[in-house]
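[1] no FASTA, just this:
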């Protein structure tokens, strides 16, 4: 066996360049490149390796470590987890900036490889700049913070450890059931140390993503459950996308006339105008979906985490005999809600279950006219919200309606936090798969702009729009500069409602008078943030970075701007002033947010009692 004498960092780069995955006989280069910000701890190790011998890896210079990692997460998500970017940082604060994005990846089951620089393994210069000294454990560094948010974590303290560590890292990154953030900590001295690596380590390696087959006995058990149920409801989750199970889902639903509802991650798996698509489910769901959920006697979950928004804090399903069936490749998710688990690939499971139900001539009790009426009523409600006018300004739902109508079926929207996920889940009309990209597993503010950059890199032929509130924009917008640097055009639509209005509304709905969530000046009279709104010109801010920006205050101006951005060749931003509190409300749904049991405010005490009543009613306690 031959050897190559390389530094650990050089060996890492060479190894990453040779990783491939294969799904359904099609091969994909798994690691597209590396996003990074250099500093002491990575610039002379992995930085030098990328400078001298990057192979076919593309290097993207990030502007904020969290932002660049969000972009990598979005890229992998849009590529259905078949391609990734690695992310490298310096030690200390540079590394810690990636922790939030690591959690975003892990919560959403998206692969991302994090390569933070680390303190010296030899300890000679300790304490080095940016080192955290733990008095009880000298081996702890800032990078230990990645442990709870990573699916695999390791620290390379000797160059030869890279071999076994990276094989394990790739195992997790390419495993659809276990994937998430993988963190490999790289002490800065070890990155530069040489070792005689076996040549076989750098040979092309294909990681086969085999579809998990259906076990017949498990399929029979699930068939028996469905056979005694008459009002099933399908929840389509993100696993439908990752399994490419679009046609199996449609064929299954149509074969038995079963309505389909969508999670945030599952939205766009089924066109909005399909007769059986009843819209979003749960706290941010449609009226049609939530009414059907109340009467369903069995819930067939397909590839979903079943988060509290999808289940309306476990209050959405109130039929006295309701049971759950969960198709998932991850056993951890498949047993939630005490479900009958069917551990299998979504596409394979839907096909086999369809055949099994057909053999027993399965029929539901749904009336096609009933489903058509529910859908028509909801469509009319969306039309109403999309058309709301106000003499005092633009409503948020009207603005979203105009944006929705201006886009073609293939264009992609990206969003993540605030009131927008609720409106978009309920109202947005998606036609094509992957045209709706919502990060709502972690609901991470600041994901939107960076996420749009990642999506555009994944699908450069499509127009990509980040729909974002002013609060999220202020938190993290720096990858706009990266989009200009790379010539990767994205469009940012910023809805300015003067603050964190989603949480402001949450406060007021639970007894508060509103505190600390609007962007107001401090008042001399109250000594609180109750003065005038801050006059922030976001369009001017974007122009200062080189972005083509528009500021609109009317529907006519918005229409013109939406047409103009399609003609631009560089990244754009449309600033839209919207009225606070003009988002859509809940429809037969609930979200548990606990209210203080003791307060000087009668409104808070009333809200607490109301909350308790809802808990007792929902769970029959």
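    Received it, and whenever you're ready, just let me know what you need. No experiment lies behind these values; they were computed from the predicted model shown. Numbers count the residues shown, from 1 in each chain.
[2] Return the residues in contact with residue 208.
    When contacts are counted by C-beta atoms under 8 Å, 6 or more residues apart in numbering, residue 208 is found next to 21-22. C-betas here are computed from N, CA, C, even on glycine.
[3] mind checking how far it is from residue 18?
    Noted for residue 208: a distance of 15 Å to residue 18, by C-beta to C-beta, to the nearest Å.
[4] okay, and the helix or strand of this protein with the least pLDDT?
    helix 501-509 (a mean of 80; mean pLDDT, DSSP states H and E).
[5] Which positions in the helix or strand following that one come out as buried?
    As assigned by DSSP states H and E, the chain's next helix or strand after helix 501-509 is helix 538-544. Neighbour-count burial for helix 538-544 flags 538-539, 541-542 (criterion: 16 or more other C-beta atoms under 10 Å).
[6] which residues in the stretch 51-200 of the chain form helices?
    65-78, 93-96, 99-107, 161-173, 188-192 (DSSP state H, counting those that start in this stretch).
[7] pretty sure residue 555 contacts residue 398?
    Yes: taking C-beta atoms under 8 Å as the definition, residue 555 is a contact partner of residue 398 at 7.0 Å.
[8] Please say which of those two ends up with more neighbours.
    residue 398 (21 against 15; other C-beta atoms under 10 Å).
[9] nearest spatial neighbour of that one, skipping sequence neighbours?
    Counting by C-beta to C-beta, 6 or more residues apart in numbering, residue 398 lies nearest to residue 388, which is 5.1 Å off, once chain neighbours are set aside.
[10] That neighbour: neighbouring residues, count only.
    16.
[11] Enumerate every residue touching it.
    By C-beta under 8 Å, 6+ apart, residue 388 lies in contact with 395, 397-398, 582.
[12] what about 10 Å?
    394-399, 401, 579, 582, 584 (C-beta atoms under 10 Å, 6 or more residues apart in numbering).
[13] mind showing which ranges of the chain have poor pLDDT?
    Where the chain drops to pLDDT under 70, the residues are 618-621.
[14] How is it partitioned into domains?
    Residue ranges for the domains of the chain, per automatic domain parsing: 3-208, 216-374, 387-498+534-577.
[15] Any chance of the ones you listed in JSON lines with distance to residue 588 as columns?
    Below are the domains of the chain laid out as JSON lines (distance: least, C-beta to C-beta, whole Å):
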{"stretch": "domain 3-208", "distance to residue 588": "27"}
{"stretch": "domain 216-374", "distance to residue 588": "4"}
{"stretch": "domain 387-498+534-577", "distance to residue 588": "12"}
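[16] Please name whichever of those domains is nearest to residue 607.
    When the domains of the chain are ranked by distance to residue 607, counting by C-beta to C-beta, first place goes to domain 216-374 at 15.7 Å.
[17] Stretch 21-35: end-to-end distance?
    Terminal residues of stretch 21-35 lie 20 Å apart, using C-alpha to C-alpha, to the nearest Å.
[18] Mind checking which residue lies nearest the centre of this protein?
    Most central in the chain under C-alpha atoms, centre = their mean is residue 439, positioned 2.3 Å from the mean C-alpha point.
[19] Around the closest residue to it other than its chain neighbours, count how many other residues there are.
    Excluding the flanking residues, the one nearest residue 439 by C-beta to C-beta, 6+ apart is residue 416, at 4.3 Å. A count of nearby residues for residue 416, using other C-beta under 10 Å, gives 30.
[20] Residue 416 contacts residue 451, doesn't it?
    Yes: using C-beta atoms under 10 Å, residue 416 is in contact with residue 451, at 6.7 Å.
[21] what residues do the two have in common as contacts?
    Looking at what touches both residue 416 and residue 451 (by C-beta under 10 Å, 6+ apart), the common residues are 70, 74, 104, 437-439, 444, 466, 468.
[22] Quick check on those: which are buried?
    Of these, these count as buried by 16+ other C-beta under 10 Å: 70, 74, 104, 437-439, 444, 466, 468.
[23] Going by distance to residue 267, which of those wins?
    Nearest member of those to residue 267, counting by C-beta to C-beta, is residue 438, at 6.8 Å.
[24] Dihedrals phi and psi, that closest one?
    The phi/psi pair for residue 438 (degrees, to the nearest 10) reads phi -120, psi 120.
[25] how far away is the closest residue to it other than its chain neighbours from residue 518?
    Spatially, and ignoring its direct neighbours in sequence, residue 438 is nearest to residue 264 (4.5 Å; C-beta to C-beta, 6+ apart). According to C-beta to C-beta, residue 264 and residue 518 sit 26 Å apart.
[26] how about the helix or strand where residue 348 lies: buried residues?
    Using DSSP H and E, residue 348 falls within helix 346-359. Across helix 346-359, burial judged by 16+ other C-beta under 10 Å covers 346-354, 356-357.
[27] which helices and strands does that helix pack with?
    helix 216-227, strand 232-236, helix 238-242, helix 246-256, strand 298-302, strand 323-328, strand 340-343 (3 or more C-beta pairs under 10 Å, 6 or more residues apart in numbering; DSSP states H and E).
[28] circling back to that earlier point, ranking the helices of the stretch 51-200 of the chain by burial, who's on top?
    helix 65-78 (a mean of 29; mean count of other C-beta atoms under 10 Å).
[29] Go ahead and measure how far stretch 134-146 is from the middle of the chain.
    Put simply, stretch 134-146 sits 29 Å off its chain's centre (C-alpha atoms, centre = their mean, to the nearest Å).
[30] what's that stretch in contact with?
    Against stretch 134-146 from outside (C-beta under 10 Å, 6+ apart): 89, 91-96, 98-99, 102-103, 106, 114, 116-121, 123, 126, 128, 130-133, 150, 153, 155, 157, 181-187.
[31] Buried only: go through the residues you listed for me.
    Counted by 16+ other C-beta under 10 Å, the contacts of stretch 134-146 give 89, 91-92, 94-96, 98-99, 102-103, 106, 114, 116-121, 128, 130-131, 150, 153, 155, 181-187 as buried.
[32] Out of the residues you listed, list just those in strands.
    89, 114, 116-118, 153, 155, 181-187 (DSSP state E).
[33] from those, which two are the most distant?
    181 and 187 (19.5 Å).
[34] about what we covered before: looking at the contacts of residue 388, spot the one nearest residue 222.
    residue 584 (35.4 Å).
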